[in-house]
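K.L.:
Sequence plus the predicted model coming up.
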Amino acid sequence: MALLEQNVAITTKYGRMPGFAVCPDEPGRFPGIIFYMDAPGFREELCNMARRIAKQGYFCILPDMYYRLGTVRFDLSRRSEKMSAVVMAAMNHITNADVVDDTAGILGFLDAQDKCAPGPVGCVGHCMSGRYITTVAARFPTRFAASASMYGVGIVTEEEDSPHLLLDQIQGELYYAFAENDPFVPAQNIPDLTAALQKAGTKHEIEVFAGTEHGFQFVERPAHAPVAAEAAWAKLFALWERCLK
């Protein structure tokens with residue numbers, strides 16, 4: 001399938017946020033998908049994943065969420081402990097409230113695109129963005145029909161803005177995929193999230209992939225687990241097919 005893709009600028013209250021937009025090069029309009037990045041940030045690997053989403057018949061926008069810091073790019077092939085410290089610092093400079101504000105700008109961008117269908121959208125977030133897809137699904141309940149988290153972190157915390165406290169506001173469907181071995185997700189998080197979802201009555205599925213580690217869906221990571229990765233992709237596309245088409 002041929003694709004239309006371009007580097008774009010998304011207007012937010014904090015300035016212009018760069019992004020990568022891609023959709024099928026075919027007649028018609030396609031449901032919008034927001035692809036929230038993981039902690040290592042904007043890179044070609046994520047653009048390729050956005051292209052895969054577009055080939056399923058969606059208008060996918062991948063925002064550079066570190067735009068407040070300027071242009072931040074990590075050469076992950078040279079990752080060291082010192083680089084990891086910078087990655088974590090970049091991740092920690094964003095708040096849930098920041099992402100809500102940015103998402104308002106992203107939705108405005110999608111609404112202005114001729115190739116993006118009006119109405120409900122979907123989203124997916126990896127790693128640090130598991131908390132963000134949960135937050136925006138609650139803050140924009142009539143817009144997010146299907147939201148997914150891949151080995152998301154920070155979803156259940158003791159902070160006042162913990163995303164799991166907002167679950168009763170969500171109208172759309174949620175999918176959470178976790179790795180069996182993930183040092184970034186405390187063991188109690190998954191049962192606590194399960195209990196919170198059940199209490200809120202939110203439509204959801206939680207899945208833990210046996211034998212996997214954090215980042216198992218990224219083909220350029222040592223943790224890549226092809227069988228589990230494809231199973232998670234299949235669940236993701238089934239979710240969006242069910243809720244957006």
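P.N.:
Ah, there it is.

K.L.:
Give me the contact list for stretch 103-118.
P.N.:
The contact list for stretch 103-118, computed with CB atoms under 8 Å, 6 or more residues apart in numbering, reads 4, 8, 10-13, 17, 19, 21, 23, 28-32, 34, 59, 61, 63, 121, 136, 139-140, 143. (Glycine included, C-beta is placed from N, CA and C.)

K.L.:
Got a PyMOL select line for the buried ones in those residues?
P.N.:
Entered in PyMOL, the line below selects the buried ones among these, by 16 or more other CB atoms under 10 Å:
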select buried, resi 8+10+12+17+19+21+23+30+31+32+34+59+61+63+121+136+139+140+143
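
K.L.:
Mind checking which of the contacts of stretch 103-118 land in strands?
P.N.:
Of those, the ones assigned to strands by DSSP state E are 4, 8, 10-12, 17, 19, 21, 23, 32, 34, 59, 61, 63, 121.

K.L.:
so which of the residues you listed comes closest to V100?
P.N.:
Relative to V100, the closest of the ones in strands among the contacts of stretch 103-118 is T12; by CB to CB it sits at 10.8 Å.

K.L.:
Neighbours of P18, how many?
P.N.:
Other residues lying near P18 total 16 when counted by other CB atoms under 10 Å.

K.L.:
give me the beta-bridge partners of it?
P.N.:
On the basis of DSSP bridges, P18 is bridged to A9.

K.L.:
and it, what is it in contact with?
P.N.:
P18 makes contact with 7-10, 42, 63-64, 67, 71, according to CB under 8 Å, 6+ apart.

K.L.:
Pick the one among those closest to E241.
P.N.:
When the contacts of P18 are compared for distance to E241 (CB to CB), P63 comes out closest, at 23.5 Å.

K.L.:
quick one: that closest one and I33 touch, right?
P.N.:
No - between P63 and I33 there is no contact under CB atoms under 8 Å: 11.7 Å.

K.L.:
How about exporting the helix or strand where T194 lies as PDB, limited to the C-alpha atoms?
P.N.:
In this structure, T194 sits in helix 189-200 according to DSSP states H and E. Coordinates of each C-alpha in helix 189-200 appear next as PDB, following Å, rounded to 0.1, in the frame of the first residue of the first chain:
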ATOM      1  CA  ASN A 189       0.500  -2.600  39.800                       C
ATOM      2  CA  ILE A 190      -1.300  -5.100  37.600                       C
ATOM      3  CA  PRO A 191      -3.700  -6.500  40.300                       C
ATOM      4  CA  ASP A 192      -4.300  -2.900  41.500                       C
ATOM      5  CA  LEU A 193      -5.100  -1.700  38.000                       C
ATOM      6  CA  THR A 194      -7.300  -4.800  37.400                       C
ATOM      7  CA  ALA A 195      -9.300  -4.000  40.600                       C
ATOM      8  CA  ALA A 196      -9.600  -0.300  39.700                       C
ATOM      9  CA  LEU A 197     -10.900  -1.100  36.200                       C
ATOM     10  CA  GLN A 198     -13.400  -3.600  37.600                       C
ATOM     11  CA  LYS A 199     -14.600  -1.100  40.200                       C
ATOM     12  CA  ALA A 200     -15.000   1.700  37.600                       C
END
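
K.L.:
how near is the spatially most distant residue from the centre of the chain to T202?
P.N.:
When distances are taken from the C-alpha mean of the chain, P27 lies farthest, 26.8 Å away, according to CA atoms, centre = their mean. Between P27 and T202 the distance, using CB to CB, to the nearest Å, works out to 36 Å.

K.L.:
Check G70 and give its pLDDT.
P.N.:
Among the per-residue scores, G70 holds a pLDDT of 93.

K.L.:
Show me what the longest helix belonging to the chain is packed against.
P.N.:
Longest helix of the chain, by residue count under DSSP state H: helix 226-244. Helices and strands touching helix 226-244, by 3 or more CB pairs under 8 Å, 6 or more residues apart in numbering; DSSP states H and E, are strand 121-126, strand 144-150, strand 173-181, strand 204-213.
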